[in-house]
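# pasting the sequence and the predicted coordinates here, then a few questions.
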Amino acid sequence: MSSDEQSSGTYESDEEIEQEPEPVVKKRRGKAGKDPNKPKRNMSAFFLYSNANRARIKEENPDIKFGRVAQLLSEEFKQISPVERAI
């Protein structure tokens, strides 16, 4: 058998064998730019309470970490009645 006889009926190169359809790639749009003049949202009641009471909590517990300060503020805020929260 000659090499011509072996290659008859087969592909001439490996490229023809391994051709697979290329996946369709969707183009993504970029994010819309932020408006620097847009007004900020109002702070929630919890944030207003936290800002007003954070210094007091730190004075009472000078050695606690930031996360623990937030936990104490959250616990105090949950104990406040809804009427006082709205003030």
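Yes, it's here.

# switch to C-alpha atoms for all contacts and neighbour counts from now on
OK.

# and the pLDDT for residue 61?
We have a pLDDT of 91 for residue 61.

# give me the neighbour count for it.
When counting by other CA atoms under 10 Å, one arrives at 12 neighbours for residue 61.

# and for the one 4 residues further on?
Close neighbours of residue 65, defined as other CA under 10 Å, add up to 10.

# got the phi/psi numbers for it?
With angles defined as degrees, to the nearest 10, residue 65 sits at phi -90, psi 170.

# which of the three states applies to the closest residue to residue 57 other than its chain neighbours?
Nearest residue to residue 57 in three dimensions, chain neighbours excluded: residue 69, at 6.8 Å (CA to CA, 6 or more residues apart in numbering). Three-state call for residue 69 (DSSP: H, G, I helix; E, B strand; the rest coil): helix.

# residue 69: neighbour count?
Neighbourhood size, residue 69 [other CA under 10 Å]: 18.

# with residue 26 instead?
Residue 26, neighbours per other CA under 10 Å, totals 6.

# tell me which residue is most central in the chain.
The residue lying closest to the centre of the chain (CA atoms, centre = their mean) is residue 31, at 14.6 Å.

# now do the contacts for the residue nearest to residue 57.
54, 57-58 (CA atoms under 8 Å, 6 or more residues apart in numbering).

# related to what we said a few turns ago, need the three-state assignment for the residue nearest to the centre of the chain.
coil.

# which parts of the lengthiest helix in the chain are buried?
Ranked by number of residues, the top helix in the chain under DSSP state H is helix 45-60. Neighbour counts using 16 or more other CA atoms under 10 Å place 49-50, 57 of helix 45-60 among the buried residues.
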